[in-house]
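> how would this look folded up:
(one chain, ligands or ions: 1)
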Amino acid sequence: MGYGDVVPITPMGKIIAGIVMLTGYAIIAVPMGIVTTEMVLAMRSCDAGHETCKSCGKKGHDADAAYCKYCGEKFAGYVLPFISQKIS
Ligand SMILES: [Zn+2]
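Here you go, the predicted model:
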């Protein structure tokens, strides 16, 4: 048995086969959009933030950094991404 050996014959069978085929495309297409969105968000989060460390005065930290990468000082006002919860 190979491709095209078994085909829907009745109109109802053809309709069901069409729905199943479109569902198969949707199963591929929907996660692709989600994965693409997450990749874009990840690439944006890699951009350097503009926060300047109050302790050592250095810049160039990640946009979502909670601590200075040079001296370890905690940044004030850091908000956890996607949770919107402020660290005390
Ligand atoms: Zn610092």
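> residues near the residue lying closest to Arg44 once chain neighbours are set aside, how many?
Nearest in space to Arg44, with sequence neighbours left out and distances taken as C-beta to C-beta, 6 or more residues apart in numbering, is Ala63 at 7.4 Å. C-betas here are computed from N, CA, C, even on glycine. Neighbours of Ala63 under the rule other C-beta atoms under 10 Å: 13.
> what residues does this structure put near the ion?
Counting by C-beta under 5 Å from the ion, the positions of the chain adjacent to the ion are Cys53, Ser55, Cys56, Cys68, Tyr70, Cys71, Glu73.
> The third one belongs to a helix?
Meaning Cys56. No. Under DSSP: H, G, I helix; E, B strand; the rest coil, Cys56 sits outside any helix and is assigned coil.
> residue contacts, the closest residue to it other than its chain neighbours?
Sequence neighbours aside, Cys71 is the residue nearest to Cys56 in space, at 4.4 Å (criterion: C-beta to C-beta, 6+ apart). By C-beta atoms under 8 Å, 6 or more residues apart in numbering, Cys71 lies in contact with Cys53, Ser55, Cys56, Lys58.
> so which of the residues you listed is the most crowded?
Ranking the contacts of Cys71 using other C-beta under 10 Å puts Cys53 first, with 20 neighbours.
> now it: how far from Tyr70?
7 Å (C-beta to C-beta, to the nearest Å).
> what do you get for Ala76?
From Ala76 to Tyr70 the distance is 17 Å (C-beta to C-beta).
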